[in-house]
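> Give the three-dimensional model of this entry:
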Amino acid sequence: MDTAQIKRILIVIFKMFLPLGLISLATLVTLSIFLKPNRPVVWGVTFSQKYTSDLGLNWKETYIKTLDDLKVKNIRLIAYWDDIEKQKGVYDFSDLDFMLNEADKRNLNVILAIGRKLPRWPECFEPNWIKGEDEDFIDARLLLLLAKETDHLKHFNSIKYWQVENEPFFPFGDCPLMASETFVKQEIELVKSIDKRPVITSDSGEGGAWIFSYYNSDGLAISMYRKVRLNFWGYFKWPFPPWFYRVKAVLLDIPMDKIINTELQAEPWADSFILNVTDAEASKTMNHQLFPDAINYARDTGITQNYLWGVEWWYYKKLHGDSFYWDSAKKLFTQGNL
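Coordinates of the predicted model:
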């Protein structure tokens, strides 16, 4: 943990425990627990062209079905470094151009995730030519990539937020353990110097500190998982009630309308590739009951923008005889409820 991160923690602790603020803080926490939010919720999905192909699906077909059959209006897309710059200095934006052109045609709202650490396992998506290089070289190439991406894609009106990195301060994935706060801030400032749309970055909703992601950007993106499988524990259900997220936001002085849930668990958590997991195993972390439970839980947190995780798997299941997830999501996106 570097000096800037330590300083940020100390500032938050100081604010939390100022004697004159204890009463008001206690009041806010109490209200956060007992006052159930009643605000309209916006629903969307995260879509990964890479994961779709891994499932053996045609990713362009799946993407268009997501837009036109599910009627999704809010979507998070991903700019994978290893797809864009397969050869050093040669940039291919054709996949993103396709997706964003289709999004523009339909007046969608897009969060575009860019950087080194991005959604889906193994989290870091580096081109082969960069592997084995030192961090200074990687950082320099990454900044060049971000500049090229932002400049090339900024003309798409559907992009509403740039998301720089995915959970960079949370130690998860086949990546360096923790990103440097100083470097992530440099990435964010670079993107903002090229395009004025808001920049967000993300953190784990349950285990993340939140403050490093929020205080260096224009908003906070979080993930939200209910039931997972941990290698050292086995199957585990997070014990937090929905108000946990509101209380955490109050304690960290983060307005709820600055939080976007970009990764609401709506597919199984598997300890290997999902197609290698039996239906019985998969159902332990996602099934026909856990799916609506997750949506109702997210609604009760008070977070008003929620992007479901797993649309590619829903389409795979639909094509293989189980249309429950696809049909339920369609009802959610078209009617606002299940």
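> quick one: the strands in the stretch 201-338 of the chain?
In chain order, the stretch 201-338 of the chain shows strands spanning 220-224, 227-230, 234-237, 259-265, 305-309, with DSSP state E, counting those that start in this stretch as the criterion.
> Switch the ones you listed over to JSON lines; also include mean neighbour count, mean pLDDT and distance to residue 293.
In short, each C-beta sits where N, CA and C put it, glycine included. Rendered in JSON lines, the data for the strands of the stretch 201-338 of the chain read as follows (neighbours: other C-beta atoms under 10 Å; pLDDT from 0 to 100; distance: least, C-beta to C-beta, whole Å):
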{"stretch": "strand 220-224", "mean neighbour count": "25", "mean pLDDT": "98", "distance to residue 293": "12"}
{"stretch": "strand 227-230", "mean neighbour count": "16", "mean pLDDT": "84", "distance to residue 293": "9"}
{"stretch": "strand 234-237", "mean neighbour count": "12", "mean pLDDT": "86", "distance to residue 293": "11"}
{"stretch": "strand 259-265", "mean neighbour count": "25", "mean pLDDT": "98", "distance to residue 293": "10"}
{"stretch": "strand 305-309", "mean neighbour count": "24", "mean pLDDT": "98", "distance to residue 293": "13"}
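> As JSON lines, those strands with distance to residue 164 would be great.
Putting the strands of the stretch 201-338 of the chain into JSON lines (distance: least, C-beta to C-beta, whole Å) gives the following:
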{"stretch": "strand 220-224", "distance to residue 164": "10"}
{"stretch": "strand 227-230", "distance to residue 164": "26"}
{"stretch": "strand 234-237", "distance to residue 164": "30"}
{"stretch": "strand 259-265", "distance to residue 164": "13"}
{"stretch": "strand 305-309", "distance to residue 164": "17"}
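> Out of these, which is closest to residue 175?
For the strands of the stretch 201-338 of the chain, proximity to residue 175 was assessed by C-beta to C-beta; strand 220-224 is nearest, at 15.2 Å.
> before we move on, back to that, relative to residue 75, which of the strands of the stretch 201-338 of the chain is closest?
Between residue 75 and the strands of the stretch 201-338 of the chain, the shortest separation by C-beta to C-beta is 7.6 Å, and it involves strand 305-309.
> Provide the contact partners of that closest one at residue level.
Strand 305-309 is contacted by residues 41-46, 74-76, 111, 223-224, 259-267, 295, 298-299, 329 when judged by C-beta atoms under 8 Å, 6 or more residues apart in numbering.
> same deal with stretch 81-89?
Outside stretch 81-89, the residues that touch it by C-beta under 8 Å, 6+ apart are 50, 91-93, 95-96, 115-116, 118, 125-130, 141-142, 145, 149.
> And residue 80, how far from residue 57?
Here residue 80 is placed at a distance of 17 Å from residue 57 (C-beta to C-beta, to the nearest Å).
> so who does the nearest residue in space to residue 186 that is not next to it in sequence touch?
With C-beta to C-beta, 6 or more residues apart in numbering as the measure, residue 143 is the residue that lies nearest to residue 186, at 7.2 Å, once sequence neighbours are left out. Contacts were defined as C-beta under 8 Å, 6+ apart; by that measure residue 143 touches 186-187, 190.
> Now, those residues that are in helices?
Applying DSSP state H to the contacts of residue 143, the entries found in helices are 186-187, 190.
> List just the nearest of the residues you listed to residue 279.
Lowest distance from residue 279 to the ones in helices among the contacts of residue 143 (C-beta to C-beta) belongs to residue 187, with 40.8 Å.
> For that closest one, which non-adjacent residue is closest in space?
Nearest residue to residue 187 in three dimensions, chain neighbours excluded: residue 164, at 5.0 Å (C-beta to C-beta, 6+ apart).
> is the one you found in a bridge, and if so with what?
Residues in a beta bridge with residue 164, per DSSP bridges, are residue 114.
> What's the end-to-end length of stretch 161-177?
With C-alpha to C-alpha, to the nearest Å as the measure, stretch 161-177 spans 26 Å from end to end.
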